[in-house]
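> Turn this into a structure:
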Amino acid sequence: MAKSAAIQIGSQDGLGARMKLWPQRAKSFYQDVRTEMKKVTTPSFKEVQATTAVVVITVFLFGVYFWIVDTIIGRGIDKVLRYFAHR
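Just a heads-up that it's a prediction; the model follows:
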């Protein structure tokens, strides 16, 4: 990142100057990507299982919660509309 930050393109430079710096900037970018990718670790199978279980359970609980809230609000609106329809 520091190398790419050091390469500055001024507003007075034309297209030619930018085109000359392109290979150097691209090389610097790919070096930065490789450096960052070396820091990446893959989770173990048990970690993947645990996080998947948490996601499935959470989605189920939120689904039930929103179903209950939707039912309550729907019935409330239905009662209000029926009340005013009979007046």
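> For the rest of this, base every contact and every neighbour count on C-alpha atoms.
Will do.
> Averaged pLDDT, the helix or strand hosting residue 65. What do you get?
Take DSSP states H and E as the rule and residue 65 turns out to sit in helix 45-85. Model confidence over helix 45-85, given as mean pLDDT, is 97.
> Quick check: which helices or strands does that helix pack against?
With contacts taken as 3 or more Cα pairs under 8 Å, 6 or more residues apart in numbering; DSSP states H and E, helix 45-85 sits against no other helix or strand.
> Now do that helix: distance to the chain's middle.
Relative to its parent chain, helix 45-85 has a centroid offset of 23 Å by Cα atoms, centre = their mean, to the nearest Å.
> With stretch 80-87 instead?
45 Å.
> Please apply the same query to stretch 34-44.
With Cα atoms, centre = their mean as the basis, stretch 34-44 stands 18 Å off its chain's centre.
> Kindly report the same for stretch 18-36.
Chain-centre distance of stretch 18-36: 25 Å, with Cα atoms, centre = their mean.
> could you give me the average pLDDT of that stretch?
Along stretch 18-36, the predicted local confidence has a mean pLDDT of 91.
> Could you give me the buried positions within that stretch?
Within stretch 18-36, the residues that qualify as buried by neighbour count (16 or more other Cα atoms under 10 Å) are 25, 28.
> cool, stretch 36-44 as well?
Buried, per 16+ other Cα under 10 Å, within stretch 36-44: nothing.
> Which residues outside that stretch are in contact with it?
With contacts defined as Cα atoms under 8 Å, 6 or more residues apart in numbering, stretch 36-44 is touched by no residue outside it.
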